[in-house]
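Enquirer: Kindly return the folded structure for what I paste below:
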Amino acid sequence: GANGYALQRASAPLGMLGQQAEATGGLAHWLMLDKLDLQDAAVLKDITVRLGLLQKKLAIKERLIVQVTAGQEQEGPVVRTVADFIRSFEASGELLIPVRRDFGLSDLGARELFRVPATVSYTAVVTDSAPVGSPLQAAQQVLATMLTTNELWVRIRGNGGAYGVSTQLDLLEQLFLFSTYRDPRIAGSLADYDAALKETAATPPESSAVEDALIMIVGKEIRPLSPRQKAGVTFRRDLYRFTDDFRAYFRSLVCAVTPQDISRAAEDILERLGRHSRTVILGGKALLEKEGGSNMEIQVPIQKLPL
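Expert: Sure, this is the predicted structure:
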């Protein structure tokens, strides 16, 4: 949804993978495609050449990582079918298209506003988290769950009227993310997020609330997955070398989190937000003009998305 585009855009300058995702499937890609003149034969020819080079770059056996998820009875036939398909690829080859390290997204401003045909907003705020695998990062994962299901649920969804609100930790990319969905407010929701963090930093939550959050996190970790979900999760873990030993270790850190740890986690996120963060807001014209630039010392231009 629109909040997913906002989150991806906000995350882009904070890591290479984020830049790649934004450049190939986010608002940057969308805006680039809109600028193409498809009536120009030279433009169409250039696209054709680039797609041909991309096909040759990707269809090389030595560069492939293949995962097959299937039931025991189907495993053999499926593996043979996939293997026959891969045999048609070249064994090796050069990278005909250089790997880009700079997508021009590393210097985006602290806040971006994008106009869409709507009366509501979709806001994303992203900052870095504590280092991966640290006790503080484990506490921030619990903090994210508690904010989503308690304080922010009441403030932004219950009282503010938003259809959805969420805080989450991207453990491997080391990011702490906040987003709203179909929100009639902008400034109020940003203020609620800041206030919830400050209150949590000042006053540790009840032990029972922490325990509830731990149950939710561990339950999500060990719940059964559909074959499709399992395939995607397993493949991502393999690519990141996110081993079962590391998962068990991090789960032990999460289960050891105390109310005082939650306060320290909130304090750390506030400090990180103060040092460096990114805010991206998609919304209707009237709402963006009224609240999109709140708390900003300089005027933030509104970009119109091609819709």
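Enquirer: Okay, now the unreliable bits of the stretch 151-300 of the chain?
Expert: Within the stretch 151-300 of the chain, the segments meeting pLDDT under 70 span 297.
Enquirer: all strands for it, in order.
Expert: Assigned by DSSP state E, counting those that start in this stretch, the strands in the stretch 151-300 of the chain fall at 164-170, 175-181, 278-283.
Enquirer: Show me which residues of the last one are buried.
Expert: Taking 16 or more other Cβ atoms under 10 Å as the neighbour-count basis, strand 278-283 is seen to contain the buried residues 278-283. All C-beta atoms are positioned from the backbone trio N, CA, C, and that covers glycine.
Enquirer: Show me what that strand packs onto, helices and strands only.
Expert: For strand 278-283, the packing partners by 3 or more Cβ pairs under 8 Å, 6 or more residues apart in numbering; DSSP states H and E come out as helix 2-11, strand 111-115, strand 121-128.
Enquirer: Other residues contacting it?
Expert: Outside strand 278-283, the residues that touch it by Cβ atoms under 8 Å, 6 or more residues apart in numbering are 2-3, 5-7, 9-14, 108, 110-116, 118, 120-127, 186, 190, 288, 292, 305.
Enquirer: Now list the buried members of these.
Expert: 2-3, 5-7, 9-14, 108, 111-116, 118, 120-127, 186, 190, 288, 292.
Enquirer: Can you tell me how far the residue nearest to residue 61 when sequence neighbours are not counted is from residue 128?
Expert: Spatial nearest neighbour of residue 61, chain neighbours left out: residue 89 (4.8 Å); criterion: Cβ to Cβ, 6 or more residues apart in numbering. Separation of residue 89 from residue 128 (Cβ to Cβ, to the nearest Å) stands at 39 Å.
Enquirer: residues contacting the nearest residue to residue 170 once chain neighbours are set aside?
Expert: Leaving aside its sequence neighbours, residue 170 sits nearest to residue 177 (Cβ to Cβ, 6+ apart; 6.4 Å). Neighbouring residues of residue 177 by Cβ under 8 Å, 6+ apart: 7, 10-11, 124-126, 166-170.
Enquirer: go with 10 Å
Expert: 6-7, 10-11, 124-127, 129, 144, 166-170 (Cβ atoms under 10 Å, 6 or more residues apart in numbering).
Enquirer: Specify which member of those residues is nearest to residue 211.
Expert: residue 144 (16.0 Å; Cβ to Cβ).
Enquirer: contacting residues around that closest one?
Expert: Residues near residue 144 by Cβ under 10 Å, 6+ apart: 129, 152, 166-170, 176-178, 213, 217, 265, 269.
Enquirer: cool, and residue 108?
Expert: Residue 108 makes contacts with 9-10, 12-13, 19, 22, 28, 278, 280, as judged by Cβ under 10 Å, 6+ apart.
Enquirer: and with 7 Å instead?
Expert: 12-13 (Cβ atoms under 7 Å, 6 or more residues apart in numbering).
Enquirer: same deal with the one 5 residues further on?
Expert: Neighbouring residues of residue 113 by Cβ under 7 Å, 6+ apart: 281, 288, 292, 300, 302-303.
Enquirer: mind giving me TSV with these and columns for distance to residue 156?
Expert: As requested, these are arranged in TSV below (distance: Cβ to Cβ, whole Å):
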residue	distance to residue 156
281	14
288	18
292	17
300	21
302	23
303	25
